[in-house]
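S.K.: Starting from these lines, generate the structure:
(one chain, ligands or ions: 1)
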Amino acid sequence: MQAEVDGRSLEDWEIGAFFSLLAAAGNDTTRHSIAHALHLFTVHEDQREYLLEDLSGRLDDAVEEVLRYASSVQQFRRHATQDTELRGVPVKEGEKVVIWYCSGSYDEDVFPEPQTFDITRSNSKHMAFGGGGPHFCLGSAPRRMMIKYALTEVYTRMPDLRTGTPSYQVNNFIRGVHHLPATWTPTKG
Ligand code: HEM
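M.R.: Next up is the predicted model:
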(Lines give C-alpha, C1' and ligand atoms only; values in the text may rest on other atoms or scores of the structure.)
Protein backbone atom coordinates (compact mmCIF):
# COMPACT_ATOMS: atom_id res chain seq x y z
CA MET A 1 0.00 0.00 0.00
CA GLN A 2 2.91 2.32 0.72
CA ALA A 3 5.10 1.30 -2.21
CA GLU A 4 6.25 3.92 -4.67
CA VAL A 5 6.71 3.28 -8.36
CA ASP A 6 8.66 5.83 -10.39
CA GLY A 7 8.47 8.25 -7.45
CA ARG A 8 4.70 8.16 -6.92
CA SER A 9 2.25 6.19 -4.75
CA LEU A 10 -0.06 3.70 -6.37
CA GLU A 11 -3.60 4.86 -7.07
CA ASP A 12 -6.59 2.95 -5.70
CA TRP A 13 -7.33 1.28 -9.03
CA GLU A 14 -3.74 0.13 -9.32
CA ILE A 15 -3.81 -1.43 -5.86
CA GLY A 16 -7.13 -3.06 -6.75
CA ALA A 17 -5.69 -4.41 -10.00
CA PHE A 18 -2.67 -5.78 -8.14
CA PHE A 19 -4.85 -7.66 -5.67
CA SER A 20 -6.92 -9.06 -8.55
CA LEU A 21 -3.65 -10.28 -10.07
CA LEU A 22 -2.65 -11.87 -6.75
CA ALA A 23 -6.02 -13.61 -6.40
CA ALA A 24 -5.90 -15.00 -9.94
CA ALA A 25 -2.19 -15.86 -9.99
CA GLY A 26 -2.32 -17.56 -6.62
CA ASN A 27 -5.45 -19.62 -7.13
CA ASP A 28 -5.52 -21.52 -10.42
CA THR A 29 -1.82 -22.26 -10.44
CA THR A 30 -1.83 -23.93 -7.05
CA ARG A 31 -4.88 -26.13 -7.35
CA HIS A 32 -3.76 -27.33 -10.76
CA SER A 33 -0.28 -28.16 -9.46
CA ILE A 34 -1.75 -30.20 -6.60
CA ALA A 35 -4.02 -32.04 -9.06
CA HIS A 36 -1.04 -32.73 -11.35
CA ALA A 37 0.93 -34.06 -8.38
CA LEU A 38 -1.83 -36.45 -7.27
CA HIS A 39 -2.22 -37.77 -10.80
CA LEU A 40 1.52 -38.12 -11.40
CA PHE A 41 1.88 -40.14 -8.22
CA THR A 42 -0.93 -42.40 -9.42
CA VAL A 43 0.41 -43.13 -12.90
CA HIS A 44 4.04 -43.42 -11.75
CA GLU A 45 3.68 -46.13 -9.12
CA ASP A 46 7.45 -46.53 -8.66
CA GLN A 47 7.82 -42.83 -7.84
CA ARG A 48 4.89 -43.02 -5.46
CA GLU A 49 6.41 -45.94 -3.57
CA TYR A 50 9.75 -44.17 -3.37
CA LEU A 51 8.08 -41.00 -2.06
CA LEU A 52 5.93 -42.74 0.53
CA GLU A 53 8.92 -44.65 1.93
CA ASP A 54 10.13 -41.32 3.34
CA LEU A 55 7.45 -38.72 2.75
CA SER A 56 8.87 -35.87 4.80
CA GLY A 57 12.44 -36.50 3.62
CA ARG A 58 11.62 -36.72 -0.11
CA LEU A 59 8.78 -34.27 -0.53
CA ASP A 60 10.88 -31.19 -1.27
CA ASP A 61 12.51 -32.82 -4.30
CA ALA A 62 9.17 -34.34 -5.32
CA VAL A 63 7.48 -30.92 -5.38
CA GLU A 64 10.28 -29.50 -7.54
CA GLU A 65 9.90 -32.37 -10.00
CA VAL A 66 6.12 -31.92 -10.16
CA LEU A 67 6.66 -28.23 -10.90
CA ARG A 68 9.23 -29.04 -13.57
CA TYR A 69 7.29 -31.85 -15.20
CA ALA A 70 3.80 -30.36 -15.14
CA SER A 71 4.05 -26.68 -14.33
CA SER A 72 0.69 -24.99 -14.44
CA VAL A 73 1.83 -21.81 -16.23
CA GLN A 74 2.91 -22.62 -19.78
CA GLN A 75 3.91 -19.27 -21.20
CA PHE A 76 3.87 -15.50 -20.93
CA ARG A 77 4.56 -12.97 -23.66
CA ARG A 78 7.10 -10.19 -23.10
CA HIS A 79 8.59 -7.38 -25.13
CA ALA A 80 12.34 -7.26 -25.71
CA THR A 81 13.72 -4.12 -24.05
CA GLN A 82 16.84 -4.17 -26.23
CA ASP A 83 18.27 -5.91 -29.27
CA THR A 84 19.50 -9.36 -28.35
CA GLU A 85 19.97 -12.88 -29.62
CA LEU A 86 18.49 -16.14 -28.35
CA ARG A 87 20.25 -19.31 -29.47
CA GLY A 88 21.35 -17.60 -32.66
CA VAL A 89 17.97 -16.02 -33.37
CA PRO A 90 18.14 -12.21 -33.46
CA VAL A 91 15.47 -10.37 -31.45
CA LYS A 92 14.98 -6.64 -31.94
CA GLU A 93 14.01 -4.13 -29.25
CA GLY A 94 10.23 -3.92 -28.96
CA GLU A 95 9.58 -7.29 -30.56
CA LYS A 96 7.24 -9.70 -28.84
CA VAL A 97 8.83 -12.79 -27.34
CA VAL A 98 6.84 -15.73 -25.99
CA ILE A 99 8.57 -17.49 -23.11
CA TRP A 100 7.59 -21.15 -22.99
CA TYR A 101 8.44 -22.01 -19.40
CA CYS A 102 7.37 -25.60 -20.01
CA SER A 103 9.94 -25.89 -22.80
CA GLY A 104 12.72 -24.50 -20.60
CA SER A 105 11.83 -27.04 -17.93
CA TYR A 106 12.32 -29.81 -20.50
CA ASP A 107 15.69 -28.51 -21.76
CA GLU A 108 17.69 -31.67 -22.44
CA ASP A 109 20.95 -29.73 -21.93
CA VAL A 110 19.92 -29.23 -18.29
CA PHE A 111 17.63 -32.18 -17.48
CA PRO A 112 18.71 -35.62 -18.69
CA GLU A 113 15.73 -37.51 -20.13
CA PRO A 114 13.37 -34.63 -19.49
CA GLN A 115 10.28 -36.68 -20.41
CA THR A 116 10.91 -38.95 -17.42
CA PHE A 117 9.15 -38.06 -14.17
CA ASP A 118 11.90 -38.64 -11.63
CA ILE A 119 11.76 -37.19 -8.12
CA THR A 120 15.36 -38.19 -7.43
CA ARG A 121 16.70 -35.47 -9.74
CA SER A 122 19.13 -33.29 -7.86
CA ASN A 123 18.98 -30.47 -10.41
CA SER A 124 15.78 -28.54 -9.89
CA LYS A 125 16.56 -25.46 -11.96
CA HIS A 126 13.18 -25.61 -13.62
CA MET A 127 11.40 -22.65 -15.13
CA ALA A 128 7.99 -23.17 -13.52
CA PHE A 129 8.20 -19.81 -11.74
CA GLY A 130 10.20 -18.07 -14.46
CA GLY A 131 13.91 -17.79 -15.00
CA GLY A 132 14.69 -15.00 -12.53
CA GLY A 133 14.62 -11.24 -12.92
CA PRO A 134 12.00 -8.63 -12.02
CA HIS A 135 8.99 -10.73 -13.13
CA PHE A 136 9.98 -13.86 -11.23
CA CYS A 137 6.88 -15.34 -9.60
CA LEU A 138 5.98 -13.48 -6.43
CA GLY A 139 4.29 -16.57 -5.05
CA SER A 140 7.03 -19.17 -5.53
CA ALA A 141 7.89 -19.62 -1.85
CA PRO A 142 4.36 -19.91 -0.41
CA ARG A 143 3.41 -22.03 -3.38
CA ARG A 144 6.08 -24.62 -2.78
CA MET A 145 4.98 -24.73 0.84
CA MET A 146 1.29 -25.16 0.01
CA ILE A 147 1.87 -28.00 -2.45
CA LYS A 148 4.09 -29.68 0.10
CA TYR A 149 1.56 -29.40 2.92
CA ALA A 150 -1.32 -30.50 0.69
CA LEU A 151 0.56 -33.65 -0.34
CA THR A 152 1.59 -34.31 3.26
CA GLU A 153 -2.04 -34.20 4.42
CA VAL A 154 -3.31 -36.33 1.53
CA TYR A 155 -0.69 -39.06 1.81
CA THR A 156 -0.83 -39.12 5.61
CA ARG A 157 -4.61 -39.31 5.86
CA MET A 158 -5.42 -41.11 2.57
CA PRO A 159 -2.27 -43.04 1.68
CA ASP A 160 -4.03 -45.25 -0.87
CA LEU A 161 -5.59 -42.34 -2.78
CA ARG A 162 -5.51 -42.92 -6.54
CA THR A 163 -6.79 -40.62 -9.26
CA GLY A 164 -8.86 -41.57 -12.28
CA THR A 165 -8.79 -40.06 -15.75
CA PRO A 166 -8.42 -36.27 -15.67
CA SER A 167 -10.11 -33.92 -18.10
CA TYR A 168 -7.80 -31.06 -19.01
CA GLN A 169 -8.54 -27.44 -19.88
CA VAL A 170 -7.96 -26.63 -23.51
CA ASN A 171 -5.70 -23.60 -23.78
CA ASN A 172 -2.01 -22.87 -24.18
CA PHE A 173 -1.62 -20.61 -21.15
CA ILE A 174 -2.56 -22.63 -18.09
CA ARG A 175 -2.03 -26.37 -17.94
CA GLY A 176 -5.20 -26.86 -15.99
CA VAL A 177 -7.30 -29.75 -14.76
CA HIS A 178 -11.09 -29.38 -15.05
CA HIS A 179 -12.04 -32.57 -13.35
CA LEU A 180 -10.12 -35.30 -11.57
CA PRO A 181 -11.91 -38.21 -9.90
CA ALA A 182 -10.20 -39.95 -6.99
CA THR A 183 -10.79 -43.00 -4.82
CA TRP A 184 -9.43 -43.94 -1.41
CA THR A 185 -10.33 -45.98 1.66
CA PRO A 186 -11.95 -43.79 4.33
CA THR A 187 -10.41 -44.16 7.77
CA LYS A 188 -12.69 -45.15 10.64
CA GLY A 189 -13.81 -42.55 13.17
C1 HEM B 1 2.43 -23.44 -8.79
C2 HEM B 1 2.09 -22.18 -8.67
C3 HEM B 1 2.59 -21.05 -9.55
C4 HEM B 1 3.24 -21.08 -10.75
C5 HEM B 1 3.63 -22.30 -11.57
C6 HEM B 1 3.50 -19.70 -11.12
C7 HEM B 1 4.16 -19.31 -12.26
C8 HEM B 1 4.48 -18.01 -12.58
C9 HEM B 1 5.26 -17.61 -13.74
C10 HEM B 1 5.85 -18.54 -14.76
C11 HEM B 1 5.36 -16.27 -13.70
C12 HEM B 1 6.14 -15.39 -14.70
C13 HEM B 1 7.59 -15.32 -14.27
C14 HEM B 1 8.56 -14.66 -15.23
O15 HEM B 1 8.23 -14.46 -16.39
O16 HEM B 1 9.68 -14.37 -14.80
C17 HEM B 1 4.63 -15.80 -12.55
C18 HEM B 1 4.49 -14.47 -12.20
C19 HEM B 1 3.74 -14.05 -11.12
N20 HEM B 1 3.18 -14.83 -10.14
FE21 HEM B 1 3.16 -16.85 -10.09
N22 HEM B 1 2.99 -18.88 -10.16
C23 HEM B 1 2.43 -19.65 -9.16
C24 HEM B 1 1.83 -19.22 -8.00
C25 HEM B 1 1.66 -17.89 -7.65
C26 HEM B 1 1.06 -17.41 -6.43
C27 HEM B 1 0.53 -18.31 -5.31
C28 HEM B 1 1.05 -16.05 -6.47
C29 HEM B 1 0.55 -15.04 -5.47
C30 HEM B 1 0.18 -15.29 -4.23
C31 HEM B 1 1.68 -15.67 -7.70
C32 HEM B 1 1.86 -14.37 -8.10
C33 HEM B 1 2.53 -14.00 -9.24
C34 HEM B 1 2.68 -12.62 -9.67
C35 HEM B 1 2.12 -11.40 -8.95
C36 HEM B 1 3.44 -12.65 -10.85
C37 HEM B 1 3.85 -11.48 -11.70
C38 HEM B 1 5.17 -10.91 -11.27
C39 HEM B 1 5.57 -9.75 -12.16
O40 HEM B 1 5.27 -9.75 -13.35
O41 HEM B 1 6.20 -8.83 -11.64
N42 HEM B 1 2.04 -16.81 -8.39
N43 HEM B 1 4.12 -16.88 -11.87
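S.K.: Can you spell out which residues form a bridge with T163?
M.R.: A182 (DSSP bridges).
S.K.: Quick check, pLDDT for the one residue sitting closest to the centre of the chain.
M.R.: Central residue of the chain (CA atoms, centre = their mean): S71, 3.6 Å from the mean position. For S71, the pLDDT comes out at 88.
S.K.: The one 10 residues further on too?
M.R.: At T81 the predicted local distance difference test score is 94.
S.K.: which SS state does it fall under?
M.R.: Counting by DSSP: H, G, I helix; E, B strand; the rest coil, the backbone at T81 sits in coil.
S.K.: quick one: contacts for it?
M.R.: Contacts for T81 (CB atoms under 8 Å, 6 or more residues apart in numbering) come out as E93. C-beta: built from backbone N, CA, C; applies to glycine.
S.K.: Adjust the sequence numbering to begin at 32 for everything that follows.
M.R.: Yep, numbering from 32; the last one is T112 now.
S.K.: does the nearest residue to Q105 once chain neighbours are set aside sit in a helix or strand, and which one?
M.R.: Among residues not flanking Q105 along the chain, C133 sits closest, at 5.0 Å (CB to CB, 6 or more residues apart in numbering). In this structure, C133 is located in helix 132-135 according to DSSP states H and E.
S.K.: now V97
M.R.: If you go by DSSP H and E, V97 is part of helix 86-100.
S.K.: still on that earlier bit, and the residue nearest to Q105, how far from H67?
M.R.: Note on C133: its distance to H67, by CB to CB, to the nearest Å, is 12 Å.
S.K.: which residues are common contacts for the two?
M.R.: Joint contacts of C133 and H67 (CB under 8 Å, 6+ apart) are R206.
S.K.: of the two, who's got more company?
M.R.: H67 (23 against 20; other CB atoms under 10 Å).
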